[in-house]
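Novice: Coordinates for the following, if possible.
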Amino acid sequence: EQECLNYFRKLDRSQFLYKSGFKKFTALFLYPIRWYIDLLLGSLSRFILAIIFWPVLFAFIARFADITLPGKPSMWDYLVYCFSIFFDFIHLEFSEISEPGTGLIILFLSALGFFHLGIFISYLYTLIMKGRG
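Specialist: As a prediction, this is how the structure comes out:
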């Protein structure tokens, strides 16, 4: 059943580019986002890997971009910081953001966390609706 759902998502995504009403530029911009959502909805293991991948990626970016954290931060501190933002465990005041790079990381990670929460809710809804059939 999951393979059929994945196949139909792929067909729908391929038709998305050819539907009238969408400008080609808009469709080309949205196509990778739809592909990513369909990829994550296709498997719980891919979804779990994605929610681990994004904070780890941004932790490395923050570490090597020399984003300022209090004290002498280790890589572990950057990982905890990025996972906390991704899952919205910490709430920062705008006065606490000292650099533009820190603000961008907070912005992107918060948006990605919210985006992935929506995908997770869609995944759960799909599982619940499959059980009703």
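
Novice: And the helix or strand where residue 111 lies, what's buried?
Specialist: Residue 111 belongs to helix 100-132 when elements are defined using DSSP states H and E. By neighbour count with 16 or more other Cβ atoms under 10 Å, helix 100-132 contains the buried residues 102, 104-106, 109, 112-113, 116, 119-120, 123. Placement of C-beta: from N, CA and C, glycine included.

Novice: how close does residue 37 sit to residue 111?
Specialist: Counting by Cβ to Cβ, to the nearest Å, the gap between residue 37 and residue 111 amounts to 14 Å.

Novice: With residue 54 instead?
Specialist: On the measure of Cβ to Cβ, residue 54 and residue 111 end up 10 Å apart.

Novice: do the same with residue 102
Specialist: 15 Å.

Novice: now swap in residue 130 and tell me
Specialist: 29 Å.

Novice: Also residue 82?
Specialist: 13 Å.

Novice: same question, residue 67
Specialist: Residue 67 is 17 Å from residue 111, by Cβ to Cβ.

Novice: What is the helix holding residue 111 packed up against?
Specialist: In this structure, helix 100-132 packs against helix 24-41, helix 44-64, helix 75-86, with contacts taken as 3 or more Cβ pairs under 8 Å, 6 or more residues apart in numbering; DSSP states H and E.
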